[in-house]
Every structure is written in structure tokens, then in C-alpha cells.
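Novice: Kindly generate the corresponding structure for this input.
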Amino acid sequence: MVVPPLLLCAGLLVSSQSLFIVGSFHRDLGLGRTADVWELHNYVRVLTDSLYLQCLATTIRTSAFATFGTLLMAFPVAYIIARMQSRWAMVLIAGIVATTFITIVVKALGLMIIFAGNGILNRIVLGLGISIDPVQLIGTEAGVVVGLMQFTLGFAVLLLYSVLQTIPRSIEEAAQAHGAGGFRVFTRILLPLSLPGVSVCSLMVFNMCMGAFTSAALLGGGRVLTLPVLIQQTIMMQVKYSMAATLAVVLMVVVLGINFLSILLMRRMRAARMVIA
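Specialist: Just a heads-up that it's a prediction; the model follows:
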């Protein structure tokens with residue numbers, strides 16, 4: 001029963017990505033036209049032009065910060081809900097699920113209103129005397145990171161909640177009964193047992209951030225260029241389909257490479273822990 005949907009997904013993925021891969025080997029001639037000759041001109045330009053390299057670095061940097069911030073906020077929320085023994089736990093989970101159905105455009109526009117110069121955030125900051133000047137997040141990498149965190153936070157909470165629920169409370173209680181404090185229980189019990197799920201959650205959140213367009217486009221204000229934003233501008237404004245395909249292929253290869261290296265590192269760490277044990 002799993003084979004047909006697997007073949008369908010694989011077919012859609014391969015067919016769509018093959019178009020990008022084939023198109024990336026042709027030079028743009030302008031007005032949406034491409035040359036028939038196969039060459040590496042686009043890849044050479046992407047890998048040597050400082051603009052494209054800077055955009056790639058910005059994409060990786062903002063995605064990494066957003067992933068770290070998302071996990072930092074999602075883990076305690078997921079832990080509290082997983083350890084709740086009242087029906088409010090299901091109410092909170094239902095609320096988190098409901099927020100995931102809100103389109104990212106609405107969420108980003110809400111953040112733009114909050115982060116505006118006369119928005120509620122700056123009113124609080126100026127009213128408390130924390131800063132003399134309004135805090136400017138629109139058009140900055142910090143604003144993009146916050147937008148990416150809002151985009152992935154609910155998903156991370158749900159995924160970590162399902163992981164933490166599999167860890168029996170009795171293990172923590174046994175450690176506390178033997179004198180372990182809260183920090184020691186977290187570092188020696190909870191974190192090691194949940195590390196596989198946290199690692200998977202980290203990779204999935206990072207992948208979502210690397211391909212996110214709306215948050216970077218709206219909250220970046222056109223001044224923070226990530227690869228998805230640059231791909232959109234290359235297609236819509238410059239009408240360079242081959243270069244956009246090249247950027248899409250580079251983005252895919254970088255994401256796959258980071259995932260492969262992360263999985264390899266996690267396997268080596270697990271093997272080292274088994275040897276020590």
C-alpha cells in the first residue's frame with residue numbers, strides 16, 4: 001500500500017527537479033529565451049559571483065539562527081504540554097494545530113504590523129525606556145529570522161511533543177529520587193533520550209527555512225536576499241529562467257549536502273557513544 005504513493009511522490013519530485021537540472025545547463029539569451037548548447041556558464045557564475053555567494057551565505061545563516069531559536073522555544077513548550085495530565089493539553093495541541101492552518105502571508109503581515117515604527121513592540125520599548133529610537137526589524141536579517149521562527153514554531157512543537165510523550169515520566173522521577181536536580185535530569189536523561197527526535201526536528205525545520213520565500217520576501221523588505229527571494233526576482237524581474245533553475249539546483253544540492261553531513265555526524269556520535277558505553 002505504501003509503494004504507489006511513494007512512486008507518485010518520487011515521480012513528481014524527479015520530473016520537476018529534472019526540468020530545473022536540464023534548464024540550468026543552458027545560457028540565457030534574454031526575453032525568456034535560452035541557448036540550445038549545453039554548458040556550465042551559469043554554475044561558474046554562481047560559484048564565482050560574490051552576490052550569489054553572499055545570498056547563499058545569508059540563506060544558510062538565517063536558516064541556522066531560525067532553527068536554533070525555534071528549538072529553543074519549542075522544546076520547553078512541547079515538554080510542558082507532554083507532561084500535563086489535564087485535558088488542557090489537548091486544547092493547547094488543538095490550538096497549535098489550528099495556527100498551522102493560517103497562511104504564512106497573514107502571519108507575516110501580522111508581524112509587520114507588530115514590528116512597525118508605531119507598532120505595539122516599539123510602543124512598549126519606547127514607553128519602558130529600553131531604547132531611545134524605534135527598533136527596526138523590517139528589512140533586517142533579525143526580522144527574517146523571527147518570521148521563519150513563526151513559520152516553523154508550531155510544526156516543531158507538534159513534532160517534539162510526539163517525541164517527548166514516548167519518554168516515561170517515571171525515568172525523570174527516578175533520577176530526581178536519587179538526588180538529580182532539574183538541570184542534571186535534562187542534560188543526562190531527557191536530552192539524550194530525545195536527541196534523535198530533536199535532530200530530525202532540527203533538520204526538518206532547517207529545510208523548511210532554507211526554502212521559505214514569503215517570510216524572507218515580506219519581512220526582508222527587499223533588502224535581505226535569500227536564495228528563494230533571488231530566484232523569484234530572477235524569474236519575474238530579469239526573466240532569466242536558466243539562471244533561476246541554476247540557483248534552484250544549487251539550493252537543492254546545498255540542502256541535501258547539509259542533511260547528509262548532519263546524518264553522518266549523528267551516526268558517528270551514536271557509534272562513539274555505544275563504544276564508550
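
Novice: ok, R184 to H178 distance?
Specialist: R184 sits at a distance of 10 Å from H178 (criterion: Cβ to Cβ, to the nearest Å). (Each C-beta comes from the backbone N, C-alpha and C, glycine too.)

Novice: out of those two, which sits in the busier spot?
Specialist: Applying other Cβ atoms under 10 Å to R184 and H178 shows that R184 carries more neighbours, namely 12 against 7.

Novice: OK, contacts around that one?
Specialist: A175 (Cβ atoms under 8 Å, 6 or more residues apart in numbering).

Novice: So it: helix, strand or coil?
Specialist: Judged by DSSP: H, G, I helix; E, B strand; the rest coil, the three-state class of R184 is helix.

Novice: got any ranges where the chain has weak pLDDT?
Specialist: 273-277 (pLDDT under 70).

Novice: What segments of it are helices?
Specialist: For the chain, the helices defined by DSSP state H cover 3-23, 41-48, 50-83, 88-100, 104-114, 120-127, 141-164, 169-177, 182-185, 191-210, 214-219, 227-236, 241-276.

Novice: Let me have those in a markdown table, adding distance to D133 as columns.
Specialist: Shown next, in a markdown table, are the helices of the chain (distance: least, Cβ to Cβ, whole Å):
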| stretch | distance to D133 |
| --- | --- |
| helix 3-23 | 44 |
| helix 41-48 | 38 |
| helix 50-83 | 23 |
| helix 88-100 | 32 |
| helix 104-114 | 17 |
| helix 120-127 | 8 |
| helix 141-164 | 15 |
| helix 169-177 | 46 |
| helix 182-185 | 38 |
| helix 191-210 | 29 |
| helix 214-219 | 19 |
| helix 227-236 | 27 |
| helix 241-276 | 36 |
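
Novice: Out of these, which gets nearest to L29?
Specialist: For L29, the closest of the helices of the chain is helix 241-276, at 9.0 Å, according to Cβ to Cβ.

Novice: For the closest one, name the packing helices and strands.
Specialist: Packing contacts for helix 241-276, counted by 3 or more Cβ pairs under 8 Å, 6 or more residues apart in numbering; DSSP states H and E, involve helix 3-23, strand 26-30, helix 41-48, helix 50-83, helix 191-210, helix 227-236.

Novice: got the ones you listed as TSV, with mean neighbour count columns?
Specialist: Shown next, in TSV, are the helices and strands packed on helix 241-276 (neighbours: other Cβ atoms under 10 Å):
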stretch	mean neighbour count
helix 3-23	11
strand 26-30	16
helix 41-48	15
helix 50-83	18
helix 191-210	18
helix 227-236	19
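
Novice: Turn the ones you listed into TSV, including distance to S131.
Specialist: Shown next, in TSV, are the helices and strands packed on helix 241-276 (distance: least, Cβ to Cβ, whole Å):
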stretch	distance to S131
helix 3-23	45
strand 26-30	46
helix 41-48	39
helix 50-83	21
helix 191-210	28
helix 227-236	28
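
Novice: coming back round to it: mind checking which of the helices of the chain is nearest V135?
Specialist: Nearest of those to V135, taken as Cβ to Cβ: helix 120-127 at 5.5 Å.

Novice: I figured I258 hits F206, correct?
Specialist: Yes - between I258 and F206 there is a contact under Cβ atoms under 8 Å: 7.2 Å.

Novice: ok so, going back, mind checking the helices of the chain for the one nearest to R33?
Specialist: In terms of Cβ to Cβ, the element of the helices of the chain nearest to R33 is helix 241-276, at 9.0 Å.

Novice: how about the closest one: buried residues?
Specialist: The neighbour-count check on helix 241-276 (16 or more other Cβ atoms under 10 Å) flags 241-251, 255, 258, 266 as buried.
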